[in-house]
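S.K.: task: produce atomic coordinates for the following.
(one chain, ligands or ions: 1)
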Amino acid sequence: MSTKYIFVTGGVTSSLGKGILSASLAKLLQARGYSVTIQKLDPYINVDPGTLNPYEHGECYVTEDGAETDLDLGHYERFLNVPTSQANNVTTGRIYQNVINKERRGDYLGKTVQIIPHITDEIKRNIKYLGNKYKFDFVITEIGGTVGDIESLPYIESVRQLKWELGRSAQVIHLTLVPYLNASGELKTKPTQHSVKSLLEEGVQPDILVLRTEHQLNDDIKKKVALFCNVEEGAVVQSIDVSTIYEVPLKMKEEKLDITVLKKFGMPVGKEPMLEAWNSFLNRHKNPKMEVDIALIGKYVELHDAYKSISESFIHAGAVNECKVNLTFIHSEEISRRNVDDILKNYSGIVIAPGFGHRGIRGKIEATRYARENKVPFFGICLGMQMAVIEFARNVLGFTGADSTEMNEVTKYPVIDLMEEQKGITNMGGTMRLGAFACEIKPGSKMYDAYKKDIISERHRHRYEFNNKYYEEFENAGMVPTGINPDSGLVEAVELKGHPWFVGVQFHPEYSSTVLNPSPLFSAFVKACTQKE
Ligand code: GLN
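M.R.: Numbering: from 1, shown residues only. Got it, this is the predicted structure:
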């Protein structure tokens with residue numbers, strides 16, 4: 001069959017969950033046997049979100065092919081269990097960069113380069129690329145931002161053109177909000193009507209409306225929305241708040257969103273979607289047999305989206321262990337030698353989050369020392385592994401002032417140092433060590449217990465690395481490198497001998513954890529936390 005294109009736009013406010021809606025619809029279509037991919041188009045001018053502070057835009061998600069992308073791609077992978085790539089996330093910056101490069105090459109010689117058709121053609125090329133190259137049955141394209149924004153205009157215009165070109169092979173789903181007014185006890189449809197009107201002004205008639213709501217919508221409300229917005233009654237779908245994002249596919253199934261989509265494409269509906277594994281995960285997630293309290297030490301703790309993949313990995317790992325993981329975010333700047341015992345005494349496990357720069361480092365090192373000395377399960381991710389190495393160097397090896405050259409360029413003991421390949425790099429965008437790399441695991445290690453494999457592949461995003469000059473000193477004193485890159489010899493994991501569970505990894509296992517394929521390392525860590533006396 002030829003690829004079908006579904007566009008998901010958003011109205012009224014941001015943060016309505018276009019990403020989760022897209023992933024949920026994709027899940028249902030995938031569970032019916034179709035191949036599906038999801039793409040996010042972001043209207044900002046950064047070429048990618050790699051240089052954005054997590055406070056601005058949440059976590060930067062890294063794909064296997066080393067693209068720094070929007071965190072929604074993490075949801076796509078967690079829901080679908082299929083890898084995404086650079087092609088799944090395109091920003092306005094990248095679109096303009098491509099067009100300007102073509103202009104400089106002379107591809108448009110003689111022409112005035114304009115938003116329409118040149119920018120819109122480039123947008124359309126990026127949308128159709130996934131269908132043309134990989135022949136997916138469905139490509140779901142989520143348009144970032146809210147309809148009516150100046151910056152999303154070229155995207156909506158591209159959708160308009162594609163709907164025209166592709167005819168019955170394209171559909172638009174518009175996600176809006178039906179707010180509830182407490183004072184009058186009413187649900188209000190006017191914002192939805194207005195946002196559909198804006199979409200119509202830009203030439204796009206939505207085929208399906210998904211209405212986010214805190215309260216059940218009755219048939220009258222659905223009828224009213226259908227009437228005012230030129231959509232069929234059956235194509236007005238309610239999306240009510242649920243306790244976990246992983247329940248949204250089931251809610252959308254109840255609302256027959258997948259069936260409405262298939263019918264509108266003129267496709268046979270076929271059998272029920274196969275969601276056994278999904279349901280069994282949800283069942284374990286919702287009926288835990290125990291609870292465990294884990295502290296995540298980071299510096300973007302006010303915004304939980306900054307550590308999205310880590311929190312989701314704990315949900316997957318919790319379900320594996322039939323255990324509810326209560327993850328508490330603690331700001332590393334609040335931790336000092338004086339209060340660390342008090343702050344951390346009630347946790348069964350400590351995670352040190354990834355990060356950049358020297359702010360909050362001291363607290364992370366104190367928390368690491370606390371975990372090492374008190375034999376509390378410890379999991380250091382990327383910067384977290386570097387903290388474990390620095391703490392061990394300072395407090396066990398007696399390397400006074402040991403540091404990463406990221407924090408102190410002139411330290412006497414650069415136990416973490418800039419990678420060779422990074423020296424001389426001056427551009428900040430997309431130049432880290434990015435993407436999936438192989439890692440060879442030492443038998444008998446905690447890593448091996450978790451992965452049960454000699455060679456794994458995990459994703460990276462960093463510039464600094466364990467300094468192999470100190471390899472033997474660390475190993476002899478009890479901090480053992482247990483994961484090594486077979487090609488470069490870089491140390492990708494360290495463990496502490498004689499500790500119940502102390503693992504630091506230079507890679508980001510959280511990026512590859514999915515509902516159907518939870519991260520073995522997160523699962524092993526949660527298990528160790530449940531066994532802590
Ligand atoms: N800042 C560290 C580095 O660049 C760690 C990066 C991270 O935690 N993702 O090596």
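
S.K.: okay, residue 449 and residue 503: tell me how far apart.
M.R.: Residue 449 sits 10 Å away from residue 503, going by Cβ to Cβ, to the nearest Å. In this view, the C-beta of every residue, glycine as well, is placed from N, C-alpha and C.

S.K.: neighbour count for the two, which is higher?
M.R.: A count of neighbours by other Cβ atoms under 10 Å puts residue 503 above the other of residue 449 and residue 503, at 29 against 17.

S.K.: what's the burial count for residue 98?
M.R.: Residue 98, neighbours per other Cβ under 10 Å, totals 17.

S.K.: give me the phi and psi for it.
M.R.: phi -60, psi -50 (degrees, to the nearest 10).

S.K.: Validate this expectation: residue 311 resides in a helix.
M.R.: Yes - under DSSP: H, G, I helix; E, B strand; the rest coil, residue 311 sits within a helix.

S.K.: number of residues surrounding it?
M.R.: A count of nearby residues for residue 311, using other Cβ under 10 Å, gives 17.

S.K.: show me what counts as buried in stretch 274-293.
M.R.: For stretch 274-293, the buried set under the neighbour-count rule, 16 or more other Cβ atoms under 10 Å, comprises 275, 278, 281-282, 284-285, 292.

S.K.: residue ranges for the strands of the stretch 401-533 of the chain, please.
M.R.: Applying DSSP state E, counting those that start in this stretch to the stretch 401-533 of the chain gives strands spanning 403-404, 414-418, 433-441, 455-462, 464-466, 479-484, 491-496, 502-505.

S.K.: show me what the fifth one pairs with in its sheet, parallel or antiparallel.
M.R.: Spelled out, it's strand 464-466. Strand pairing for strand 464-466, using DSSP bridges, gives strand 414-418 (antiparallel).

S.K.: the last one now?
M.R.: For strand 502-505, the paired strands and their directions (DSSP bridges) are strand 378-381 (parallel), strand 491-496 (antiparallel).

S.K.: pLDDT averaged over the longest one - what is it?
M.R.: This means strand 491-496. Averaged across strand 491-496, pLDDT comes to 98.

S.K.: that strand vs the ligand: in contact?
M.R.: No - Strand 491-496 lies apart from the ligand when judged by Cβ under 6 Å from any ligand atom; the minimum separation is 12.2 Å.

S.K.: any idea how far that strand is from the middle of the chain?
M.R.: Here strand 491-496 is found 25 Å from its chain centre; the criterion is Cα atoms, centre = their mean, to the nearest Å.

S.K.: ignoring the adjacent residues along the chain, who's closest to the residue nearest the centre of the chain?
M.R.: The centroid of the chain falls nearest to residue 74 when counting by Cα atoms, centre = their mean (2.9 Å). The shortest distance from residue 74 to any non-neighbouring residue, by Cβ to Cβ, 6 or more residues apart in numbering, is to residue 61 (4.4 Å).

S.K.: these two touch, right, the one you found and residue 78?
M.R.: No - contact criterion Cβ atoms under 8 Å: residue 61 and residue 78 do not qualify, at 10.2 Å.

S.K.: and the residue nearest to residue 74, backbone torsions?
M.R.: Dihedral angles phi and psi of residue 61 (degrees, to the nearest 10) take the values phi -100, psi 140.

S.K.: the one 4 residues further on too?
M.R.: Torsion angles at residue 65 (phi, psi; degrees, to the nearest 10) stand at phi -80, psi 10.

S.K.: distance of the residue nearest to it when sequence neighbours are not counted relative to the ligand?
M.R.: Spatial nearest neighbour of residue 65, excluding adjacent residues (Cβ to Cβ, 6+ apart): residue 85 at 4.7 Å. From residue 85 across to the ligand, the span is 20 Å (Cβ to the nearest ligand atom, to the nearest Å).

S.K.: cool, and residue 344?
M.R.: Applying Cβ to the nearest ligand atom, the value for residue 344 to the ligand is 21 Å.

S.K.: what is the burial count for residue 160?
M.R.: 18.

S.K.: worst-scoring helix or strand of the chain, pLDDT-wise?
M.R.: Ranked by mean pLDDT, DSSP states H and E, the weakest helix or strand in the chain is helix 54-57, scoring a mean of 81.

S.K.: average model confidence for the helix or strand following that helix?
M.R.: Remark: after helix 54-57, the chain's next helix or strand is strand 61-62, criterion DSSP states H and E. Strand 61-62 shows a mean pLDDT of 96.

S.K.: list the contacts of the next helix or strand after strand 61-62.
M.R.: Where DSSP H and E defines the elements, the next helix or strand beyond strand 61-62 is strand 68-69. For strand 68-69, contacts defined as Cβ atoms under 8 Å, 6 or more residues apart in numbering pick out 40, 48-50, 60-63, 84, 86, 88-89, 430, 434, 461.

S.K.: switch to 6 Å and redo it
M.R.: Applying Cβ atoms under 6 Å, 6 or more residues apart in numbering, the external contacts of strand 68-69 come out as 48, 50, 60-63, 89.

S.K.: can those go into CSV with extra columns for neighbour count?
M.R.: CSV is the format used below for the contacts of strand 68-69 (neighbours: other Cβ atoms under 10 Å):
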residue, neighbour count
48, 21
50, 18
60, 22
61, 26
62, 26
63, 23
89, 27
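
S.K.: what's the most distant pair in the residues you listed?
M.R.: The largest separation in the contacts of strand 68-69, counting by Cβ to Cβ, is between 50 and 63 at 11.7 Å.

S.K.: got a list of what whichever residue of the stretch 201-350 of the chain sits closest to the ligand touches?
M.R.: Nearest residue of the stretch 201-350 of the chain to the ligand (Cβ to the nearest ligand atom) works out as residue 298 at 9.9 Å. Contacts for residue 298 were tallied using Cβ under 6 Å, 6+ apart; they are residue 353.
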